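Participant: Just to be clear, the model below is a prediction. Sequence and coordinates:
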Amino acid sequence: MIMLEPSILAKGVVEVIITKRGIVLFALAFLIVALALLGPGLFRTAQRTLYGVKKGVTLAGQLVEGLLEEELYDVVASLAETSFVEASNASCNWQTGEITAEVIGQLVDVQSTVDALLAAPARAKVDLVTVLILPSITRAHFEPIYRGPTTEPRVALMINVDWGDEFIPGMLEVFAHYGVSATWFPTGRWAKATPSLAKTIARAGHEIGNHGGWHGSPSEMSRAETARLIQEGEDLILEASGQRPQVFAPPSGDFNQQTVAVAAELGYKTVLWTVDTVDWQRPAPTVIIDRVKAKIVNGALVLMHPTQPTLEALPVILDYLAQKGFQCVTVTELLAD
């Protein structure tokens, strides 16, 4: 309110004197009205300048300068919906035998994208931060594996088990002495019959694979029977050892394309071998050793069984592999992408 102080100069004449106090009060009143009308807008502008996205920044070609964090979530979430790709596993068409390749999925990491926008310098071009969703079953699952990657001097020792219990503790001692983890492929029936030994293998740090529920001939089985062979093996091995198998070694190395496809749909890669020691025939230990030496290469899968000559040959084989610079890993480690 303006304070006017009247002063009578003459009869009927009034002089209005504007004092300093009146000017100050008028200015304050004007400021209050201006702030009431313009204040929210000015405050928001200040917020955008201080805390919003910097000038000229774009997200996937869309200008987002000045947007605040809470506004960015809506923008990014909207773009995330259109950028989402659902992952799907590779699969087999059982009518034609055709394999449909897997699809790698994609989703947008909304929080990371918002953080990137708020941290971006002026005129930066920011892309959506995405996360890949990898399918669990790939086209590679539908091909039998005879050898792992060859880029590094790594090999895997595989022990198929359906008998030979008496030699397993000794083999475990040798592996422990050399600090080596192998992949053991028991049948489900063996694991069910000797659960304590199956647990001992797993607890020693070895990988447990699946050799089927029983020692059948998968190439002669129906699709349903093959699935039962593999699933029964998995269930019995898991129950006995506490470890769920990730790789499948068909009994006797017997398989056809159906075997591999059924295993793939159950989440397994089917592994065969690069080096077959043929130790089930129980040759002299030197024969087993020579067979390994003759064929060992980067990525080799070395097949063994629990036998007396294998037990005697094992220290020599492990010494030889170490001398040649080979690292022994599990099958899953060898095949890891």
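Facilitator: Now that the structure is in, tell me what you want to look at.

Participant: got the contact list for residue 235?
Facilitator: residue 188 (Cβ atoms under 8 Å, 6 or more residues apart in numbering). Just so you know, the C-beta spots here come from the backbone N, C-alpha and C atoms, and that holds for glycine as well.

Participant: and it, helix, strand or coil?
Facilitator: Following DSSP: H, G, I helix; E, B strand; the rest coil, we place residue 235 in the helix state.

Participant: please begin residue numbering at 836 from this point
Facilitator: Done: numbering now begins at 836, and the last item shifts to residue 1070.

Participant: For the nearest residue to residue 1084 once chain neighbours are set aside, give its distance to residue 1044.
Facilitator: Of all residues not flanking residue 1084 in the chain, residue 1020 sits nearest, at 4.3 Å (Cβ to Cβ, 6 or more residues apart in numbering). Remark: distance between residue 1020 and residue 1044 (Cβ to Cβ, to the nearest Å) = 4 Å.

Participant: Overlap of the contact sets of the two?
Facilitator: By Cβ under 8 Å, 6+ apart, the residues touching both residue 1020 and residue 1044 are 993, 1082, 1084.

Participant: okay, residue 1072: pLDDT?
Facilitator: pLDDT, residue 1072: 98.

Participant: typed the wrong thing, it's residue 857
Facilitator: As predicted, residue 857 sits at a pLDDT of 63.

Participant: Residue 1142 now?
Facilitator: 98.

Participant: show me what contacts it?
Facilitator: Shown in contact with residue 1142 (Cβ under 8 Å, 6+ apart): 999, 1002, 1114-1115, 1117.

Participant: Report the separation between it and residue 988.
Facilitator: Taken as Cβ to Cβ, the span from residue 1142 to residue 988 is 27 Å.

Participant: Quickly list the domain ranges of the protein.
Facilitator: If you go by automatic domain parsing, the domain ranges for the chain are 836-864, 893-971, 975-1170.

Participant: Among those domains, single out whichever gets nearest to residue 884.
Facilitator: domain 893-971 (7.8 Å; Cβ to Cβ).

Participant: Span of that closest one from start to end?
Facilitator: End-to-end span of domain 893-971 (Cα to Cα, to the nearest Å): 35 Å.

Participant: How about stretch 1013-1025?
Facilitator: Counting by Cα to Cα, you get 26 Å between the two ends of stretch 1013-1025.

Participant: which other residues reach it?
Facilitator: For stretch 1013-1025, using Cβ under 8 Å, 6+ apart, the contacting residues are 991-998, 1010, 1033, 1036, 1040-1050, 1067-1072, 1076, 1082, 1084, 1086, 1150, 1153, 1157, 1163-1167.

Participant: what's near enough to touch the residue positioned nearest the centre of the chain?
Facilitator: Centroid-nearest residue in the chain, with Cα atoms, centre = their mean: residue 969, separated by 6.6 Å. Residues in contact with residue 969 (Cβ under 8 Å, 6+ apart) are 922, 939-940.

Participant: For it, report the pLDDT, please.
Facilitator: Here, the pLDDT recorded for residue 969 equals 94.

Participant: Next: residue 1051.
Facilitator: For residue 1051, pLDDT reads 95.

Participant: if I look at it, how far off is residue 1114?
Facilitator: 21 Å.

Participant: ok, the two, which is more surrounded?
Facilitator: Neighbours per residue (other Cβ atoms under 10 Å) separate residue 1051 from residue 1114, with residue 1114 holding more: 24 against 18.

Participant: any idea how far that one is from residue 913?
Facilitator: 63 Å.

Participant: Also residue 1109?
Facilitator: Remark: distance between residue 1109 and residue 913 (Cβ to Cβ) = 52 Å.

Participant: Between the two, which has more neighbouring residues?
Facilitator: residue 1109 (21 against 11).

Participant: Give me the phi and psi for the closest residue to that one other than its chain neighbours.
Facilitator: Nearest residue to residue 1109, sequence neighbours excluded (Cβ to Cβ, 6+ apart): residue 1135, at 4.1 Å. When quoted as degrees, to the nearest 10, the phi and psi of residue 1135 stand at phi -70, psi 140.

Participant: wouldn't residue 1135 be in contact with residue 1110 here?
Facilitator: Yes. Look at residue 1135 against residue 1110 with Cβ atoms under 8 Å: they come within range, at 5.4 Å.

Participant: more neighbours, the two?
Facilitator: residue 1135 (24 against 21).

Participant: How many neighbouring residues does residue 960 have?
Facilitator: 11.

Participant: can you tell me which residues contact it?
Facilitator: Contacts of residue 960 (Cβ under 8 Å, 6+ apart): 892-893.

Participant: can you give me the strands for the stretch 936-1085 of the chain?
Facilitator: According to DSSP state E, counting those that start in this stretch, the stretch 936-1085 of the chain carries its strands in the segments 940-943, 960-961, 965-968, 989-996, 1018-1021, 1042-1043, 1082-1083.

Participant: Thanks a lot, see you next time.
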